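[1] Quick one, structure for this:
(one chain, ligands or ions: 1)
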Amino acid sequence: MAKTALITGITGQDGYYLSRLLLERGYRVAGLVPLHRQSSLAKLGSLASQIEVCAVDMRDSAALLAVVEQLQPQEIYNLAAPSFVPDSWQDPLGTLDLVTGTATRLLEAVRLAGLNTRFYQASSSEMFGQVDRSPQDENTPFRPMNPYAAAKLHAHWTMVHHRQRYGWFACSGILYNHESPRRPPNFVTRKVSLAAASIKLGLSDRLEMGNLDAKRDWGYAGDHVEAMWRMLQADEPEDYVIGTGQLHSVRELVATAFECVGLDWTRYVVVDPKFLRSDEHFYLVANPEKAKRQLNWEPQVSFEGLLEKMVLKDLERLQSAEVPSIAQIEQNS
Ligand code: G4F
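    Numbering: from 1, shown residues only. Next up is the predicted model:
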């Protein structure tokens, strides 16, 4: 019989790639969607018809328990979270409730339902924060620097405590930045890919950026969801750092994306202080050796390959007027 997987945050970037992977592997896939976000189901495109959607209030423990009891999932992937880090400063408590509250309510639903469900918690490299060593691995101390990171860390420890107390198969994937053409344009990779494509097509003539010296370990979302799945198929429940192990600056990111369309970025990019961050960190880079060794996981898409994928997709979308250009987005914001 097909295994059932329940995914929270199914309409996000990772939800899409993970659903696609699980459907390809013969799973019955169910997704939780917050009551007020049902319109976002359109983001699942052709996958939507193959997914069982459960509309719930993520703050409603009884509703979550009812869904878990009804579906009896073999695997739960808890991906739901507001993921744009600066927003967490506007609503620290709301962030904590959504991130930690959802993880805790789901874990408790599994306990109350008496199931033997394997549980994946989407943790973040942001939890490492102000690091004193690079690269980071599973033994690096956590020093979160913003409400988002603190909330993710709380959720991570809640999962660890449930694993220890109840002997569950629960894992945390500590993921570094992972991107794709499905990334929303407020994140830097998509902002840049959309700008490069918009400028190439004559739809815009400049790009306002934050810190060009900031560095990140950028991987492909499709590769990272493969790691999530492998964690839940392993013999033992363990936590893993997932990233490419390569650090690139925002400046390199911009140069590489503009190169994809044959443009010299220095003619178009200006720094606007409104995009600078006071909680910036510079050296978050993964040591993914444990995942490579124990899960046989290896990223397949390079930094350059990722940006090419994103820029080409944005060119295609702009040409078919499927998305607004970067200039239109700025005008409306
Ligand atoms: O794309 P970003 O906004 O992603 P960030 O903050 O690193 O967070 C992402 O990755 C985390 C780790 O996996 C996740 F936990 C989190 O949920 C999210 O997925 O910014 C990346 C970098 C930052 O250093 C930022 O300061 O790009 C720098 N940057 C420079 N100019 C900019 C800009 N970021 C944005 N969004 N916009 C700019 O104009």
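[2] Check which residues of the lengthiest helix in the chain are buried.
    Longest helix of the chain, by residue count under DSSP state H: helix 147-166. Buried residues in helix 147-166, counted by 16 or more other CB atoms under 10 Å: 147-160, 162-163. For glycine as for every other residue, the C-beta is placed from the backbone atoms N, C-alpha and C.
[3] Kindly report the same for stretch 273-289.
    279, 281, 283-288.
[4] now check it, is it near the ligand?
    Yes: Stretch 273-289 reaches the ligand (CB under 6 Å from any ligand atom) through 275, 277, 280.
[5] Can you read off the pLDDT for the second one?
    The one in question is R277. We have a pLDDT of 93 for R277.
[6] Nearest residue to S180 in space, please, no chain neighbours.
    A221 (4.2 Å; CB to CB, 6 or more residues apart in numbering).
[7] Double-check the one you found against P181; I have them as touching.
    No: using CB atoms under 8 Å, A221 is not in contact with P181; the gap is 9.4 Å.
[8] thinking again about what came up before, using a markdown table, lay out the buried residues of stretch 273-289 together with distance to A80 and secondary structure.
    Formatted as a markdown table, the buried residues of stretch 273-289 follow (distance: CB to CB, whole Å; DSSP: H, G, I helix; E, B strand; the rest coil):
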| residue | distance to A80 | secondary structure |
| --- | --- | --- |
| D279 | 23 | coil |
| H281 | 24 | coil |
| Y283 | 28 | coil |
| L284 | 23 | coil |
| V285 | 26 | coil |
| A286 | 23 | strand |
| N287 | 27 | coil |
| P288 | 24 | coil |
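[9] Distance to L79 for the residues you listed - can I get that in TSV?
    Converted to TSV, these look like this (distance: CB to CB, whole Å):
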residue	distance to L79
D279	23
H281	23
Y283	26
L284	20
V285	23
A286	19
N287	23
P288	19
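[10] Pull the most distant pair out of these.
    By the measure CB to CB, D279 and P288 form the most distant pair in the buried residues of stretch 273-289, at 24.6 Å.
[11] Let me see the contact set for S193.
    Each residue near S193 by CB atoms under 8 Å, 6 or more residues apart in numbering is listed here: 181, 257, 307, 310-311, 313-314.
[12] meant to ask about L153, not that
    So L153 contacts 123, 127, 142, 144 (CB under 8 Å, 6+ apart).
[13] same deal with L247?
    Neighbours of L247 in contact, by CB under 8 Å, 6+ apart: 134, 215-217, 283, 285.
[14] One more pass at 10 Å, please.
    134-135, 176, 215-218, 282-286, 303 (CB atoms under 10 Å, 6 or more residues apart in numbering).
[15] now L201
    Going by CB under 10 Å, 6+ apart, L201 touches 261, 314-315, 318-319, 325.
[16] measure it to the ligand for me?
    20 Å (CB to the nearest ligand atom, to the nearest Å).
[17] for the residue nearest to V131 when sequence neighbours are not counted, phi and psi?
    Closest residue to V131 apart from its sequence neighbours, by CB to CB, 6+ apart: Y283 at 5.8 Å. Dihedral pair for Y283: phi -120, psi 40, per degrees, to the nearest 10.
[18] try the one 4 residues further on
    Summarising the backbone geometry of N287 under the convention degrees, to the nearest 10, its torsions are phi -110, psi 100.
[19] so who does it touch?
    133-140, 241, 243, 245.
[20] Name the next helix or strand downstream of the strand or helix carrying L93, please.
    In the assignment (DSSP states H and E), L93 maps to helix 92-96. Going down the chain from helix 92-96, the next helix or strand is helix 102-113, by DSSP H and E.
[21] Mean confidence (pLDDT) on that next one, please.
    On average, helix 102-113 scores 98.
[22] CA atoms only for it, dumped as CSV, please.
    Extracted in CSV, the C-alpha atoms of helix 102-113 (Å, rounded to 0.1, in the frame of the first residue of the first chain):
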residue,chain,number,x,y,z
THR,A,102,2.8,24.6,14.6
ALA,A,103,5.7,22.3,15.3
THR,A,104,4.6,21.7,18.9
ARG,A,105,0.9,21.2,18.0
LEU,A,106,1.8,18.7,15.2
LEU,A,107,4.1,16.7,17.5
GLU,A,108,1.4,16.6,20.1
ALA,A,109,-1.1,15.5,17.5
VAL,A,110,1.1,12.6,16.6
ARG,A,111,1.5,11.7,20.3
LEU,A,112,-2.3,11.9,21.1
ALA,A,113,-3.1,9.9,17.9
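[23] got the CA coordinates for the helix or strand following it in CSV?
    Per DSSP H and E, the first helix or strand lying C-terminal to helix 102-113 is strand 118-124. Provided in CSV are the C-alpha atoms of strand 118-124 (Å, rounded to 0.1, in the frame of the first residue of the first chain):
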residue,chain,number,x,y,z
ARG,A,118,8.2,9.7,11.0
PHE,A,119,8.6,13.5,11.5
TYR,A,120,10.7,16.0,9.6
GLN,A,121,11.2,19.4,11.1
ALA,A,122,12.4,22.2,8.7
SER,A,123,15.2,23.9,10.6
SER,A,124,17.4,26.6,9.3
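[24] Right, I'll call it a day here.
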